[in-house]
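Visitor: got a predicted model here, sequence first, then my questions.
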Amino acid sequence: MNDTVEHALDLWGLKGANCRLIAARENAVYKVEDATQTFALRLHRQGYRTDLELWSELKWMAATSAGGIDVPAPVSSVHGQMLHLVDDVQVDVLTWLSGEPLDATLARQTGPDRAALFRRLGSQMARLHRVSDAWTPPKGFTRCQWDQSGLLGEAPLWDRFWDNPALTAQERALFTQIRQQAQRDFTRISAKLDFGLIHADLVTGNVMVDGPRMRFIDFDDGGYGFRVFDIATALLKHIDAPDYPILQDALISGYRSERPIDLAALDLFLVLRAATYVGWNITRMGEDNDGARNARFIKTAKRLALAYLA
C-alpha cells in the first residue's frame with residue numbers, strides 16, 4: 001500500500017482498515033474493509049477529469065442511489081467532502097456493491113435465462129434514465145457530452161476513430177464516409193431523440209448481479225447523451241452471439257416496460273458505439289501487444305459501417 005492510499009484512508013477515518021487493489025484500469029480501485037463496512041476507494045487517472053466533473057459525477061450518483069437505483073453512493077470524508085486531492089491524485093470513496101459481473105453470470109446461463117437477464121438490464125437502464133430526468137442537477141454541474149460533437153466532431157470524446165494508425169487506406173476512407181453520413185443523419189433525426197444523462201458504458205463488466213438485484217458501477221464516462229447510445233453500448237459486445245436477436249428484443253422489451261423510447265436510430269448508434277472503440281484504442285495501442293484488440297474493434301466497426309451504408 002502506498003503513501004497516497006494511506007493518507008486517503010486517514011482522510012476518511014479508515015486508518016488501519018484492510019485494503020487491497022482490485023482494479024487498475026482507468027482508475028485504481030481498492031476494496032476497503034473495516035470492522036463493520038466495505039467501501040471502494042478510487043484513485044482517479046490524472047488529467048482525465050476535472051475536480052468539477054468528478055464532483056458532478058458524485059452528486060449524480062448520490063441522487064441516483066437516493067432514487068432507488070443500485071449504484072455506488074459517495075461517502076464523505078471526516079472533513080465532510082466527497083472528493084480530496086491527495087499527492088496530486090483525485091480521491092473519493094464509494095459504498096461497496098456486492099455481486100458478480102453480468103458477463104460471468106451470462107456465461108453460465110442458456111436460453112430463456114440469458115434473455116431474462118437482458119430484460120432486467122433494459123428495465124434497470126430505463127429506471128436510471130427516469131430517475132436522472134426527475135433530478136435537478138446543482139449549479140455548476142458539468143459532465144461530458146455524448147452528442148454529435150462528442151461522437152463525430154473534430155475532437156471526439158474518445159478520439160478520432162477515422163485516424164486510427166492501423167487502418168488501411170480503404171478502411172480510413174470507409175470510416176470517413178460513415179462519419180460524413182452519420183453527421184447528415186444526425187442533422188435530420190437528433191431533435192427527435194431522447195437526450196439526457198446516460199451511463200455511457202453499460203457493458204456487462206459494469207453491471208453487477210446479486211441475486212434478484214442488478215447494479216450499475218463505473219460512472220466514469222457518464223454524461224449527457226442520447227438514451228439509445230446506452231442501449232447500443234449494452235448490445236454491441238453481444239452482436240455476434242447466436243442468440244443476439246433474442247437478447248436485443250429482451251433488452252428493448254425490458255426498457256419499454258418502464259419508459260418509451262424511439263429506436264429507429266439504433267443501427268446508427270451501434271455503428272457509432274463500435275467506432276468509439278476504434279478511437280479509444282488509439283492512445284492504448286501500447287497495451288495491445290499483438291494488435292488483436294485493435295483489429296477486433298476495427299473489424300466490428302467496419303462490418304457495421306458497411307451494413308449501415310448499404
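Guide: Yes, it's here. Because the structure is predicted, anything quoted here is derived from the model rather than measured. Residues are numbered from 1 along each chain as shown.

Visitor: does anything pack onto the lengthiest helix in the chain? Which helices or strands?
Guide: Longest helix in the chain by number of residues (criterion: DSSP state H): helix 112-134. Counting contacts by 3 or more CB pairs under 8 Å, 6 or more residues apart in numbering; DSSP states H and E, helix 112-134 is packed against helix 51-66, helix 102-108, strand 195-198, strand 213-216, helix 227-236, helix 244-256. Yep, even glycine has a C-beta here, placed from its N, CA and C like the rest.

Visitor: residue 69 touches residue 129, doesn't it?
Guide: No - counting by CB atoms under 8 Å, residue 69 stays clear of residue 129, with 10.0 Å between them.

Visitor: point to the helix or strand of this protein where mean pLDDT is at its lowest.
Guide: Using mean pLDDT, DSSP states H and E, the weakest-scoring helix or strand in the chain turns out to be strand 18-24, at a mean of 91.

Visitor: in the following helix or strand past the longest helix of the chain, what counts as buried?
Guide: Using DSSP states H and E, the next helix or strand after helix 112-134 towards the C-terminus is strand 144-146. Within strand 144-146, the residues that count as buried by 16 or more other CB atoms under 10 Å are 144, 146.

Visitor: mind listing the strands strand 144-146 pairs with, and their directions?
Guide: Note on strand 144-146: by DSSP bridges, its sheet partners are strand 223-226 (parallel).

Visitor: quick check: mean pLDDT of the strand it pairs with?
Guide: Average pLDDT, strand 223-226: 98.

Visitor: next one: stretch 83-100
Guide: In the prediction, stretch 83-100 has an average pLDDT of 95.

Visitor: who touches it?
Guide: 3-4, 7-8, 11-12, 14, 31-32, 37-44, 46, 49, 51, 54-55, 58, 61, 65, 70-75, 77, 82, 208-210, 213, 215, 217 (CB atoms under 8 Å, 6 or more residues apart in numbering).

Visitor: how about the contacts made by residue 194?
Guide: Contacts of residue 194 by CB under 8 Å, 6+ apart are 129, 226, 227, 228, 261, 262.

Visitor: one more: residue 38?
Guide: Counting by CB under 8 Å, 6+ apart, residue 38 makes contact with 31, 32, 96.

Visitor: which among these count as buried?
Guide: Listed as buried from the contacts of residue 38 are 31, 32, 96; burial here means 16+ other CB under 10 Å.

Visitor: any buried residues in the helix or strand hosting residue 40, and which?
Guide: Taking DSSP H and E as the definition, residue 40 sits inside strand 38-43. Using 16+ other CB under 10 Å as the test for burial, strand 38-43 gives 39, 40, 41, 42, 43.

Visitor: try stretch 87-106
Guide: Within stretch 87-106, the residues scored as buried using 16+ other CB under 10 Å are 89-94, 96-97, 99, 101-102, 105-106.

Visitor: and that stretch, end to end?
Guide: 40 Å (CA to CA, to the nearest Å).

Visitor: which one of the buried residues of stretch 87-106 is nearest residue 155?
Guide: For the buried residues of stretch 87-106, the residue nearest residue 155 by CB to CB is residue 90; the value is 22.7 Å.

Visitor: for the closest one, list each beta-bridge partner.
Guide: Going by DSSP bridges, residue 90 forms beta bridges with residue 85.

Visitor: separation between residue 155 and residue 279?
Guide: For residue 155, the distance to residue 279 (CB to CB, to the nearest Å) stands at 10 Å.

Visitor: report the residue ranges of every domain in this protein.
Guide: Taking automatic domain parsing as the reference, the chain has its domains at 3-95, 100-309.

Visitor: chain center to the shortest one: distance?
Guide: So the one you mean is domain 3-95. 18 Å (CA atoms, centre = their mean, to the nearest Å).

Visitor: now the end-to-end length of it.
Guide: Start to finish, the residues bounding domain 3-95 are 22 Å apart (CA to CA).

Visitor: just stretch 64-82 next, same as before
Guide: One end of stretch 64-82 sits 16 Å from the other (CA to CA).

Visitor: contacts only, for the residue nearest the centre of the chain.
Guide: Ranked by distance to the mean C-alpha position of the chain (CA atoms, centre = their mean), the top residue is residue 201 at 1.7 Å. For residue 201, the contacting residues are 218, 220, 221, 222, 233, by CB under 8 Å, 6+ apart.

Visitor: go with 10 Å
Guide: Listed by CB atoms under 10 Å, 6 or more residues apart in numbering, the contact partners of residue 201 are 26, 216, 217, 218, 219, 220, 221, 222, 230, 233, 234.

Visitor: the fourth one against residue 204, yeah?
Guide: In other words, residue 218. No - Residue 218 lies out of contact with residue 204 (CB atoms under 10 Å); the separation is 11.8 Å.
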